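> show me the folded form of this:
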Amino acid sequence: MTPDEQLSAPSLPAGLVGRKVAGYRLEGEIGRGGMAVVYRAKDLRLGRTVAVKLLAPELARNEVFRKRFMHESEAAAAIDHPNIIPVFEAGEHEGILFIAMRYVDGGDLRALINRSGPLPLDRATRLALQIASALDAAHDRDLVHRDVKPGNVLVAAGTDSEHPEHLYLADFGLTKKSLSLSGLTSVGQIVGTLDYAAPEQISGKPLDGRCDQYSLGCVVFEMLAGTPPFRRESDLALLWAHLNDPPPTLDEYRPDLPAPVAAAVARSLAKTPGERFESCRQFVAELRAATAPAGSAPSPWEAGGPPTRVVPAVARGGPHAPPEPPAWAAPVVRPPSAPLSPSTSGGNRPPWTP
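Residues are numbered from 1 along each chain as shown. Below is the predicted model of the structure:
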């Protein structure tokens, strides 16, 4: 059972399918977590299908939580980045907090790894660059994801053979941060998925973007090795490993990889945040440097990433919103799966659920 699932099940009213919530008609449940239920819904104003996350009413009754939730939701919605899933709207309707996001069918990085096993270095690096660009864009806005894992990386079709996948980072952990800062989590409770949790996250220290870099390092390790860096028999042993045990080297799983690749991943997994890279893109640039032809120029993703536009949250999905991206650029929602232990599942939970 994950930390989120240790919370009581959301006490949302029964029979919500078919009901309207703030201009959205709920059409079917697509995910459920400890604090929220996510529905496929029809945006009645614009006629599009969206995903709507409804939070348990008791959360809205906590004034600190509600204010923090709204503030963080607006900040996330204001980031217009090609690798961050768009948040169209967040608000409160009849005592229930909700978030409306883009929705299409498809898969995620967890399914890709399960299907393909360890990935070739060039493919893993190409995917990691997109995740790193999204994270750095969020960090520039003082947002920390707090739950980077394969299940929160949605995989859509790319534009051509040179860009076969387009990734979207989902579930920025806004609810998790709001819970933590409003006192609604129990003392010592970990917010995030244990297989990818940074040491400072476990010990309750202040978090910044280097926390996400550690989690990205765990994800890159898994893409290349087929397993997260730490696998233990119990959650307690897993927490201890993140805090104290040196991570295994990639050489143990992939002796074919250049030594600088293993060194870069090891640095991203340093126990002390100050010993990691300055940014997530710098980390992935080190991976590319290990195999890039001599004298080749860095890609736009390494040099600074695609331009990140900051727009008013109300413009996202409003009557004057910019045109929707093409179908291939839409992130996807996988169907809910049975909860698994975080020490064995790798965080295999619906990406929309907190």
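
> determine the set of other helices and strands touching the lengthiest helix in the chain.
Secondary structure of the chain per DSSP state H: the longest helix is helix 121-140. Counting contacts by 3 or more C-beta pairs under 8 Å, 6 or more residues apart in numbering; DSSP states H and E, helix 121-140 is packed against strand 163-169, helix 209-225, helix 280-289, helix 300-303. Using the backbone N, CA and C atoms, a C-beta is placed for each residue, glycine as well.

> average pLDDT for it?
Average pLDDT, helix 121-140: 95.

> pull the distance from it to the chain's centre.
Its chain's C-alpha centre and that of helix 121-140 lie 12 Å apart, by C-alpha atoms, centre = their mean, to the nearest Å.

> which SSE is immediately downstream of that helix?
The helix or strand immediately downstream of helix 121-140 is strand 153-160, counting by DSSP states H and E.

> just the angle between that next one and strand 163-169, please?
Relative orientation of strand 153-160 and strand 163-169, computed by axes from the mean of the first three to the mean of the last three C-alpha atoms, to 10 degrees: 150 degrees.

> which parts of stretch 270-290 are buried?
Using 16 or more other C-beta atoms under 10 Å as the test for burial, stretch 270-290 gives 270-271, 273, 276-277, 279-288, 290.

> now do the end-to-end distance for that stretch.
20 Å (C-alpha to C-alpha, to the nearest Å).

> same deal with stretch 151-166?
End-to-end distance for stretch 151-166: 15 Å, by C-alpha to C-alpha.

> give the buried residues for that stretch.
For stretch 151-166, by 16+ other C-beta under 10 Å, it's 151-156, 158, 166.

> pick out the lowest-pLDDT one from the buried residues of stretch 270-290.
When the buried residues of stretch 270-290 are compared by pLDDT, A290 scores lowest at 83.

> touching, that one and V265? I think so.
No: in this structure, A290 is not within contact of V265 by C-beta atoms under 8 Å, at 10.5 Å.

> re earlier: nearest to L97, of the buried residues of stretch 270-290?
Nearest to L97, judged by C-beta to C-beta, of the buried residues of stretch 270-290 is C280 at 29.6 Å.

> residue contacts, the closest residue to that closest one other than its chain neighbours?
Spatially, and ignoring its direct neighbours in sequence, C280 is nearest to A132 (3.7 Å; C-beta to C-beta, 6 or more residues apart in numbering). Listed by C-beta atoms under 8 Å, 6 or more residues apart in numbering, the contact partners of A132 are 216, 279-281, 283-284, 301.

> mind redoing it with 7 Å?
216, 280-281, 283-284 (C-beta atoms under 7 Å, 6 or more residues apart in numbering).

> measure it to E286 for me?
As for A132, its distance to E286 is 11 Å (criterion: C-beta to C-beta, to the nearest Å).

> can you check A262 too?
Distance of A262 to E286, given as C-beta to C-beta: 11 Å.

> cool, and G107?
Separation of G107 from E286 (C-beta to C-beta) stands at 28 Å.

> kindly report the same for P199.
Taken as C-beta to C-beta, the span from P199 to E286 is 21 Å.

> do R45 as well
Relative to E286, R45 is positioned 46 Å away (C-beta to C-beta).

> ditto for A259
A259 sits 12 Å away from E286, going by C-beta to C-beta.

> for A124, same thing?
In terms of C-beta to C-beta, A124 sits 13 Å off from E286.

> ditto for L236
Computed as C-beta to C-beta, the L236 to E286 distance reads 33 Å.

> so what's the residue count around the closest residue to G209 other than its chain neighbours?
Among residues not flanking G209 along the chain, H139 sits closest, at 3.5 Å (C-beta to C-beta, 6+ apart). Applying other C-beta atoms under 10 Å, we find 19 residues neighbouring H139.

> could you do A76 as well?
22.

> low-confidence stretches in the stretch 101-250 of the chain?
For the stretch 101-250 of the chain, the stretches flagged by pLDDT under 70 are 104-106, 173-192.

> now for the closest residue to A198 other than its chain neighbours: which residues touch it?
What sits nearest to A198 in space, not counting adjacent residues and going by C-beta to C-beta, 6+ apart, is Y214, at 3.8 Å. Applying C-beta under 7 Å, 6+ apart, one finds that Y214 lies in contact with 198, 268-269, 276.

> cool, thanks, signing off.
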